[in-house]
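what shape does this take:
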Amino acid sequence: MSGHSKWANIKHKKAKADAARGANFAKFSREIIIAAKIGGGDLNGNFRLRTAVEKAKAGGLPNDTIKRAIDKGCGNSQGDNYEEITYEGYGAGGVAIFIEAATDNRNRTAGDIRSYFTKFGGNLGETGCVGWIFEPCALIAIDKPQEAGKRSKEVVKMFDFEKLFEDCMEFDPMDVWEDEDEDDYKIKTSVENFEATVKGLESLGYTLKSADYTRIPSNSCEITDSAIAKKIVLLLEKLDEHDDVQNVYSNFEASDEVMASVDV
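Here you go, the predicted model:
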């Protein structure tokens, strides 16, 4: 696996804190609404909806809010008509940024995002300018057995990496590796194989820590100047905090020393 993204670390930690405070509830609800609108309200028959609901539950979204979001998506109650849209651009230092949004007002969302890029030394680009860098895929995480056992009283499937790797080969993964930063195992799969891989691993007794669609950059842009790195982090955080923005991806890389000097 290529170098670990510093922004991935920042976003991951920030997302945990935000979910605990309820700051991401609107994003969870919008994804559920869109998934239900596209594929219906049956979790067993709509894998995207199932994934969205599981992610929302992990983030602390109440069950009644989840139900209302599903009802809105299925047209059973009045609600905003969200549409999915993407934005692409460059941050300071030439860092590529790809944004997935769900909005009921394209002009408002585009204006806000453009202003953020301008404020932090970047520029919003045309469709396709950086999209080719970010490969659509899915990422599954599985706790190492000893870690899972510490957090749960349930019986944990005991296995080693070699066994997991062998089992994953049945589902034609794109990559399988041990993530030392997160202290778990990761399986990268194509969007087309995602559902089969999740169901297959579960049928083999594996308990999944997380499973979600994502985009992984094919190259990285390493920043060595702490002032530029700070602008990038501020831009990424500002984008991620916007109500209409569902996901932010970047090929930003920086050393631990540079990140340590970024105080935001």
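
most centrally placed residue in the protein?
T214 (5.2 Å; Cα atoms, centre = their mean).

any idea how far that residue is from G59?
Distance, T214 to G59, by Cβ to Cβ, to the nearest Å: 16 Å. C-beta: built from backbone N, CA, C; applies to glycine.

in the lengthiest strand in the chain, what's buried?
Of all segments of type strand in the chain, defined using DSSP state E, the longest is strand 134-143. Across strand 134-143, burial judged by 16 or more other Cβ atoms under 10 Å covers F134, E135, C137, A138, L139, I140, I142, D143.

so can I have TSV of those residues showing distance to I66 and pLDDT?
As requested, these are exported to TSV (distance: Cβ to Cβ, whole Å; pLDDT from 0 to 100):
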residue	distance to I66	pLDDT
F134	28	95
E135	30	92
C137	26	96
A138	21	96
L139	22	95
I140	22	96
I142	24	93
D143	24	88
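
just those now: which is nearest G75?
Nearest to G75, judged by Cβ to Cβ, of the buried residues of strand 134-143 is A138 at 27.8 Å.

the closest one bridge partners, please.
On the basis of DSSP bridges, A138 is bridged to T189, Y213.

quick one: it and A196 touch, right?
No. Applying Cβ atoms under 8 Å as the test, A138 and A196 come out as separate, 10.7 Å apart.

for A211, give me phi and psi.
phi -160, psi 120 (degrees, to the nearest 10).

please disregard the earlier target; I meant K57.
phi -60, psi -40.

and the one 4 residues further on, by the same measure?
Comment: the main-chain dihedrals of L61 come out as phi -70, psi 130, following degrees, to the nearest 10.

if I look at it, how far off is K27?
From L61 over to K27 (counting by Cβ to Cβ), the distance is 10 Å.

C74 now?
19 Å.

more neighbours, the two?
K27 (25 against 16; other Cβ atoms under 10 Å).

quick one: end-to-end distance for stretch 237-250.
Length of stretch 237-250, first residue to last, Cα to Cα, to the nearest Å: 12 Å.

centre of the chain versus that stretch, how much separation?
In terms of Cα atoms, centre = their mean, to the nearest Å, the centre of stretch 237-250 is set 10 Å apart from its chain centre.
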